[in-house]
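Visitor: What would the 3D arrangement of this be:
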Amino acid sequence: MLDELRHFLLIVDHGTFTEAARRAHLSQPALTAAIRRLEDQLGARLLHRGPGGAALTAAGAVLVPRARAALAAVEDGRRAVEEIAGLRAGEVRLGAGATACTYLLPPLLARFRRAHPGVRLLLREGFTDQLEAGLFEGDLDLALTTAPTHGPAPGPFDPWIDDELIVVGGPGPDAERAGWVTFPPGSPVRALLQGGEPDAALVMELGSIAAVKGNVRAGIGLALVSRAAVRADLTSGQLVEVARPWAPVWRRLILRHRGLDRLTPAAAALRELLLAATPTLAATTRRPRRGGRPRRTRARADR
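Guide: Numbering: from 1, shown residues only. So this is what the prediction gives:
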């Protein structure tokens, strides 16, 4: 019906079937047939054709503004799709855990914003089960989650990085005897801690990686955290790595989605950027090498 509406408005704007047919690059019989199809679809006569040109009927006069509005809406929609396809507009919603949100993602998201300033970027912090629910409910396009310890992930995903988790404490002598600072139930890091040390005495449950680090630096206790989150603290001496027979622990971070065919152009572009950054990020999540060798053997659990 869109073509018929365009032809109808050409006749209204130029006054004759002859001129409208010329501008539409149609023969007059073809244009006449298009108007008849439109009248049949609407069930009303729209134009009177006479020696002086075409005149609107009452039904035709009512249709004109609505036809213009309909064609304008379609054009707006076409332009909006082109803008999104060209990443001049659109939205992408990403979920991730505290470590990724704080230490791994900021430079990558800043790079994405510079490349696509018209795209709205939303980041949500949460535990893996919360992020999985966000994907399932359609609230997120992408999510960086911890891969299951056993079995496959519950849907389409891309491997991202292997994150090394280490035990850290404050530089004082009493931190190791003070218990553990960790995240609330539902945190994959907490689950790995309790898997390695089932009888761990938990003295704090905190919602942010910054709060965990701050209390550990103050000597409250030990914590299992990503090496990427404490690299600067270890270098400055504000935190020290503490030996445990079950640590380091490795967890695999994966990039979850609902299927490549369901990604918006903006989400697809962010996925590509995140995957391209994997080699660089790997260097920040592992122990620095000295003389080409690790300082001690790592027990790689549940990679």
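Visitor: The longest strand seen in the chain pairs with which strands, parallel or anti?
Guide: Of all the segments of type strand in the chain, defined by DSSP state E, the longest one is strand 157-169. Paired with strand 157-169 in the same sheet, following DSSP bridges, are strand 223-226 (antiparallel), strand 240-241 (antiparallel), strand 249-256 (antiparallel).
Visitor: Tell me which of the ones you listed is the most buried.
Guide: The highest average neighbour count among the strands paired with strand 157-169, using mean count of other C-beta atoms under 10 Å, belongs to strand 223-226 at a mean of 27. Quick note: C-beta positions are derived from backbone N, CA and C, even for glycine.
Visitor: So for the helix or strand just after it, what gets flagged as buried?
Guide: Downstream of strand 223-226, the next assigned helix or strand under DSSP states H and E is helix 227-236. By 16 or more other C-beta atoms under 10 Å, the buried positions in helix 227-236 come out as Arg227, Ala228, Ala229, Val230, Arg231, Asp233, Leu234.
Visitor: got it, and stretch 160-167?
Guide: For stretch 160-167, burial by neighbour count (16+ other C-beta under 10 Å) applies to Trp160, Ile161, Asp162, Asp163, Glu164, Leu165, Ile166, Val167.
Visitor: where does the closest residue to Met204 other than its chain neighbours land in three-state SS?
Guide: Leaving aside its chain neighbours, Met204 sits nearest to Val181 (4.4 Å; criterion: C-beta to C-beta, 6 or more residues apart in numbering). Here Val181 is recorded as strand under DSSP: H, G, I helix; E, B strand; the rest coil.
Visitor: And Val181, how close does it get to Phe127?
Guide: The spacing between Val181 and Phe127, counted by C-beta to C-beta, to the nearest Å, is 17 Å.
Visitor: Excluding chain neighbours, what is closest to Leu142?
Guide: The nearest residue in space to Leu142 (C-beta to C-beta, 6+ apart) is Leu94, at 4.9 Å.
Visitor: count of residues packed around the one you found?
Guide: 25 (other C-beta atoms under 10 Å).
Visitor: Backbone dihedrals for it, please?
Guide: phi -120, psi 140 (degrees, to the nearest 10).
Visitor: so it makes contact with Leu140?
Guide: Yes. The pair Leu94 and Leu140 passes the contact test of C-beta atoms under 8 Å, sitting 6.9 Å apart.
Visitor: Let me see the ranges of the helices in this structure.
Guide: Under the criterion DSSP state H, the chain contains helices at 2-14, 17-24, 28-42, 58-85, 98-99, 106-115, 128-136, 188-196, 209-217, 227-236, 265-276, 278-284.
Visitor: relative to its centroid, which residue of this structure is most remote?
Guide: What lies farthest from the middle of the chain is Pro51; by C-alpha atoms, centre = their mean that is 61.7 Å.
Visitor: domain ranges for this protein?
Guide: Segmentation of the chain into domains, based on automatic domain parsing, reads 2-85, 91-284.
Visitor: Adding mean pLDDT, write those out as CSV.
Guide: Compiled in CSV, the domains of the chain are given as follows (pLDDT from 0 to 100):
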stretch, mean pLDDT
domain 2-85, 88
domain 91-284, 92
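Visitor: just these: most buried one?
Guide: Stretch with highest mean neighbour count among the domains of the chain: domain 91-284 (a mean of 18; mean count of other C-beta under 10 Å).
Visitor: so how far is that one off the chain centroid?
Guide: 16 Å (C-alpha atoms, centre = their mean, to the nearest Å).
Visitor: Just give the nearest non-adjacent residue to Ala200, would you?
Guide: Using C-beta to C-beta, 6+ apart, the closest residue to Ala200 is Trp180 (4.8 Å).
Visitor: Please list all residues in contact with Arg88.
Guide: His116, Gly118 (C-beta atoms under 8 Å, 6 or more residues apart in numbering).
Visitor: what about it, distance to Glu82?
Guide: In terms of C-beta to C-beta, Arg88 sits 8 Å off from Glu82.
Visitor: cool, and Arg93?
Guide: With C-beta to C-beta as the criterion, Arg93 and Glu82 are 22 Å apart.
Visitor: And His257, how far from Ala147?
Guide: Distance, His257 to Ala147, using C-beta to C-beta: 14 Å.
Visitor: that older thread, give the bridge partners for the residue nearest to Leu142, please.
Guide: Leu123, Leu142.
Visitor: what's it in contact with, if anything?
Guide: Residues near Leu94 by C-beta under 8 Å, 6+ apart: Leu105, Leu109, Leu121, Leu122, Leu123, Arg124, Leu140, Asp141, Leu142, Ala143, Leu144, Leu270.
Visitor: With respect to Ala243, which of the residues you listed is nearest?
Guide: Closest approach to Ala243 among the contacts of Leu94 (C-beta to C-beta): Leu144, at 29.2 Å.
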